[in-house]
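Peer 1: The following comprises the amino acid sequence and a computationally predicted model.
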Amino acid sequence: MINRYNILLLFFAILFSKLVIAQNNDYVLSTPPMGFMTWNYFGLDINETEIKEIADAMVESDLRDLGYDYIFIDDGWQGGRDKYNNIIPDPIKFPSGMKDLVDYVHSKNMKIGIYSDAAQLTCGGYTASLGFEFQDAKTFAEWGFDYLKYDYCGAPPDRETAIARYSKMSEALKESGKDIALGICEWGDRKPWLWASKAGGQLWRTTADIRDKWYSGVDIENPQDLHSVGAGIIDILNINAELYEYARPNAWNDPDMLIVGLYGRKGAPSSELNGSGCSDIEYRSQMSLWCLMAAPLMITCDVRNMNAETKEILTNKDIIEINQDKLGKQAKRVYNQDEVQIFVKPLHNNDVAIGVLNTSNEDKKINFSLTEFNIPKKNKAKDLWSKQVLKIRKDQKIKVKIKPHETKVYRLLE
Ligand code: GLA
């Protein structure tokens with residue numbers, strides 16, 4: 001019998017099931033994602049064998065256990081569409097199919113990401129998802145993917161279209177039947193920090209593609225010029241540092257991949273636009289600064305053949321802890337003068353991380369007081385690279401000696 005009571009019950013049952021579905025699909029990246037991304041090392045030349053080797057190396061080198069638990073497949077995997085318009089992988093690069101590769105990576109206790117673009121073709125000229133959002137999201141879910149990097153080559157310049165296209169893919173992922181996180185990649189050109197989270201993204205690129213270099217040397221007026229000049233570590237830092245207020249759990253500024261350990265690898269996209277490589281001091285600075293900025297940590301060097309320096313940089317547990325701190329704050333740049341930059345990142349247990357960068361080409365001696373940056377009184381400072389613990393004097397003054405392009409990072413303790 002249909003009465004008012006039954007209708008009310010039905011109404012609440014439907015509401016409850018919708019809420020549960022919404023919750024299940026709410027993929028939360030409570031700390032910045034970490035892993036390996038194929039782009040800077042392999043470019044478009046990827047295949048299942050090498051990706052499996054990379055996954056193995058992530059486990060063997062302890063990187064996975066340190067938190068780098070994603071394999072992010074970038075552009076170049078696609079083989080067009082079948083007669084039902086389902087997107088398919090390149091059968092020569094991925095002869096066992098995507099599900100097999102996803103299962104392999106999952107069997108290593110890792111997660112795996114895929115790549116597409118909100119236009120007809122990707123940046124590399126491959127099949128993309130515009131007009132096929134729901135069908136492709138379903139395919140990615142059926143294969144078992146956990147993450148989608150969604151690029152923006154071939155799309156119009158205005159912000160409204162970008163919001164509409166990213167929101168549509170986010171909807172499609174929510175309906176796909178699997179939790180899949182969404183990485184927005186329109187390079188900061190439409191100020192995504194203002195809208196990307198609402199459009200369903202968990203992270204958003206803030207700049208043009210990183211190249212394997214320290215600094216373009218160009219005083220950039222318009223950040224979009226970096227697309228043609230080529231962005232180095234310092235170019236990207238100068239844009240991303242200003243966006244500290246927008247980062248929070250499940251909503252991260254993404255200043256692009258780590259170039260640590262690439263050493264100017266020839267033929268890789270990161271070597272274009274004068275990306276001739278960096279020194280280990282500079283790579284260590286990138287790791288320090290990206291961790292202070294709560295950036296996603298996407299390794300791109302060949303983790304199967306890392307030298308001792310690269311391994312030491314990428315596996316520094318103390319620095320990774322700063323990046324993964326559950327408070328989820330991006331460091332604020334509190335000082336930027338005379339080629340010295342100072343960053344302060346509050347941590348969940350009342351500790352504070354402080355980073356000091358020397359962008360000049362000379363050694364620097366820097367004196368500052370913690371009180372001038374409103375840091376509550378601290379007694380000790382642990383240097384997170386040398387591991388030395390220093391006592392902080394009563395007047396809270398700190399003296400630091402820094403080499404050219406070096407970044408010192410301290411964890412300040414009660
Ligand atoms: C764009 C992105 C890069 C990479 C390439 C792939 O340039 O910004 O990170 O994904 O496309 O073609």
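Peer 2: Arrived safely. Keep in mind the model is a prediction, meaning the values are calculated, not measured.
Peer 1: Show me what the helix or strand containing residue 357 is packed up against.
Peer 2: Counting by DSSP states H and E, the element that carries residue 357 is strand 352-358. In terms of contacts (3 or more CB pairs under 8 Å, 6 or more residues apart in numbering; DSSP states H and E), strand 352-358 is packed against helix 280-292, strand 340-346, strand 364-369, strand 397-402, strand 407-413. The way it works is simple: take the backbone N, C-alpha and C, and place the C-beta from them, glycine included.
Peer 1: I'd say residue 50 and residue 43 touch.
Peer 2: No. Applying CB atoms under 8 Å as the test, residue 50 and residue 43 come out as separate, 11.9 Å apart.
Peer 1: More neighbours: the two, which one.
Peer 2: residue 43 (19 against 16; other CB atoms under 10 Å).
Peer 1: Just to check, residue 126 is in contact with residue 76?
Peer 2: Yes. Using CB under 8 Å, residue 126 is in contact with residue 76, at 6.6 Å.
Peer 1: overlap in contacts of the two?
Peer 2: Both residue 126 and residue 76 are in contact with residue 44, where contact means CB atoms under 8 Å, 6 or more residues apart in numbering.
Peer 1: pLDDT averaged over stretch 362-376 - what is it?
Peer 2: If you average the pLDDT over stretch 362-376, you get 97.
Peer 1: near the ligand, which residues of the protein show up?
Peer 2: Selection of the chain residues close to the ligand by CB under 6 Å from any ligand atom yields 39, 74, 75, 122, 123, 124, 151, 185, 187, 209.
Peer 1: Could you identify the pair within these that is furthest apart?
Peer 2: Spanning the widest gap among the residues of the chain next to the ligand are 124 and 187, at 15.3 Å by CB to CB.
Peer 1: quick one: the residue nearest the centre of the chain and residue 33, what's the gap?
Peer 2: For the chain, the residue nearest the mean C-alpha position is residue 296 (2.7 Å; CA atoms, centre = their mean). Distance, residue 296 to residue 33, using CB to CB, to the nearest Å: 5 Å.
Peer 1: List the residues that are in contact with both of these two.
Peer 2: 203, 252.
Peer 1: can you map out the helices along the stretch 101-250 of the chain?
Peer 2: 133-143, 159-174, 226-229, 233-240 (DSSP state H, counting those that start in this stretch).
Peer 1: Columns mean neighbour count and mean pLDDT on top of those, output as TSV?
Peer 2: Shown next, in TSV, are the helices of the stretch 101-250 of the chain (neighbours: other CB atoms under 10 Å; pLDDT from 0 to 100):
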stretch	mean neighbour count	mean pLDDT
helix 133-143	20	98
helix 159-174	19	98
helix 226-229	16	95
helix 233-240	24	98
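Peer 1: show me where pLDDT drops low in the protein?
Peer 2: For the chain, the stretches with pLDDT under 70 are 1-27.
Peer 1: one more time with 90
Peer 2: Scanning the chain for pLDDT under 90 picks out the ranges 1-28, 217-222, 267.
Peer 1: hmm, back to that, parallel or antiparallel, list what pairs with the strand holding residue 357.
Peer 2: strand 340-346 (antiparallel), strand 407-413 (antiparallel) (DSSP bridges).
Peer 1: and of those strands, who's closest to residue 280?
Peer 2: The nearest among those, by CB to CB, is strand 407-413 at 12.4 Å.
Peer 1: now the closest one against strand 364-369, angle please.
Peer 2: Angle of strand 407-413 versus strand 364-369, following axes from the mean of the first three to the mean of the last three CA atoms, to 10 degrees, is 30 degrees.
Peer 1: Export the residues of the chain next to the ligand as TSV, with columns for distance to residue 300.
Peer 2: Putting the residues of the chain next to the ligand into TSV (distance: CB to CB, whole Å) gives the following:
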residue	distance to residue 300
39	6
74	9
75	13
122	18
123	16
124	16
151	16
185	15
187	17
209	11
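Peer 1: Show me which of those are buried.
Peer 2: 39, 74, 75, 122, 123, 124, 151, 185, 187, 209 (16 or more other CB atoms under 10 Å).
Peer 1: Now the first one: phi and psi?
Peer 2: Geometry field for residue 39 lists phi and psi as phi -60, psi -60, criterion degrees, to the nearest 10.
Peer 1: Can you classify the closest residue to it other than its chain neighbours by secondary structure?
Peer 2: In space, and not counting its chain neighbours, residue 39 is closest to residue 74: 3.9 Å by CB to CB, 6 or more residues apart in numbering. Classification of residue 74 using DSSP: H, G, I helix; E, B strand; the rest coil returns coil.
Peer 1: Alright, that wraps it up for me.
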